[in-house]
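>>> quick one: sequence and predicted model below, then my questions.
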Amino acid sequence: QVQLQESGPGLVKPSQTLSLTCTVSGGSITTNYYYWSWIRQPPGKGLEWIGYIAYVGSTYYSPSLKSRTPISRYTPKNQFTLQLSSVTPEDTAVYYCGRGGYSGSYLYIDSWGQGNQVTVSS
């Protein structure tokens, strides 16, 4: 069974770049037809999908965030990483990584990490 674990800072200052890593075990991030996503949930709000890196290494981002959120991967360690630049307090959220796929045109996520709380504050 695949397991995902986020790691990164809990506190980031405004204007800095947030870097989060998701380490995957029990499955490879290059396995066909899986898509590896980052999702966040600000306090008191719903889930917001940020983007994904596909099994072939291609990426796709939420239009509202894509200029700030490159996602990359390091296959020797079975990890993928989110970098969110120029953070503001509005980026405060629990950040999750997840594995999923497509059912038709619908992107689903069937495995989740436990989440990493990130607070943006000076």
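Everything's here; your move.

>>> so what's the residue nearest in space to the middle of the chain up against?
Compute the mean C-alpha point of the chain, and by Cα atoms, centre = their mean the closest residue is Trp38, 2.1 Å away. Counting by Cβ atoms under 8 Å, 6 or more residues apart in numbering, Trp38 touches 20, 22, 49-52, 69, 71, 82, 95-98. Quick note: C-beta positions are derived from backbone N, CA and C, even for glycine.

>>> just Ile53 next, same as before
So Ile53 contacts 29, 35-36, 59, 71-73, 80 (Cβ under 8 Å, 6+ apart).

>>> restricted to strands, list the residues you listed.
35-36, 59, 71-73, 80 (DSSP state E).

>>> thinking again about what came up before, return a PyMOL selection command for the buried portion of the contacts of Trp38.
Selection of buried members from the contacts of Trp38 for PyMOL, criterion 16 or more other Cβ atoms under 10 Å:
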select buried, resi 20+22+49+50+51+52+69+71+82+95+96+97+98
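
>>> for the contacts of Trp38, which one is nearest Gly115?
Top of the list for closeness to Gly115, among the contacts of Trp38 and by Cβ to Cβ, is Tyr96 at 4.9 Å.
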